[in-house]
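S.K.: Build the 3D model from these lines:
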Amino acid sequence: MSRYEFLVTDMDGTLVTLDIDWDELREKVREIIRTDHPLKPLGPSILETTEGNEELRKRAFDLVESEEVRAALGASPDPELKAMLSRLKSRGIKMALVTFQSAKPATIALKRLEVLSFFEFLITREYSLNRKKQLSIALERLRADPRRTVFAGDSFWDVLAGKELGCYTVVVGRNLEGADLYVEKFVELEKVFF
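M.R.: Presented below is the predicted three-dimensional model:
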């Protein structure tokens, strides 16, 4: 029996790589909000740079969501991912997803990947644009012990959130300092933990 009973994962760049040119999108957002801010991470940076200007904030997030939806519609089924998540669910592993994307594109992408049903719920940017807060909500809703939870992400912010909350923190696709483990592909998590 594995010591891990819960899996929380980021979506884009971790579970799947969607066709979004984030640098180009940041440049378009910079034009809308008239800033030279690096906009990393994008969502929280939009909040910060548009404080007090709801119209600009809405325009920026509308642009981001339209690009997210376009990319989500390009997702296609991943039989290896689907089989892995199906096996985990059949073993009683409870899974949730956290993403800085909004609910609409996240749901579209997961449906197109044919994996939406494996997640207990999604925590999207409508809940929070703070990864630690998102992960905290997910752990609470799962009633998960962080020490029995694997958290998979692909960014420095994911590593910080996972480690601060006490999860076993895995980075997918690139090796980042501070993570407990690095894997090349998300599906490798099954043989390591479950």
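
S.K.: Now for residue 151, how many residues are close by?
M.R.: 32 (other Cβ atoms under 10 Å). Placement of C-beta: from N, CA and C, glycine included.

S.K.: Got the domain ranges for this structure?
M.R.: 6-17+77-193, 22-73 (automatic domain parsing).

S.K.: Kindly reformat those domains as JSON lines containing mean pLDDT.
M.R.: Below are the domains of the chain laid out as JSON lines (pLDDT from 0 to 100):
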{"stretch": "domain 6-17+77-193", "mean pLDDT": "97"}
{"stretch": "domain 22-73", "mean pLDDT": "96"}
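
S.K.: Tell me which of the ones you listed sits most buried.
M.R.: With neighbours taken as mean count of other Cβ atoms under 10 Å, the domains of the chain reach their highest mean count in domain 6-17+77-193, at a mean of 19.

S.K.: Now do the end-to-end distance for it.
M.R.: 10 Å (Cα to Cα, to the nearest Å).

S.K.: now do stretch 3-19
M.R.: Taking Cα to Cα, stretch 3-19 runs 35 Å from one end to the other.

S.K.: can you check stretch 6-18 too?
M.R.: Stretch 6-18 has an end-to-end distance of 25 Å (Cα to Cα).

S.K.: Over to residue 77. Which of the three states is it?
M.R.: Put simply, residue 77 is coil when judged by DSSP: H, G, I helix; E, B strand; the rest coil.

S.K.: contacting residues for the spatially closest residue to it that is not a sequence neighbour?
M.R.: Excluding the flanking residues, the one nearest residue 77 by Cβ to Cβ, 6 or more residues apart in numbering is residue 114, at 4.7 Å. Applying Cβ atoms under 8 Å, 6 or more residues apart in numbering, we find residue 114 in contact with 77-78, 82.

S.K.: between those residues, which is nearest residue 159?
M.R.: The shortest approach to residue 159 among the contacts of residue 114 belongs to residue 78, at 24.5 Å (Cβ to Cβ).
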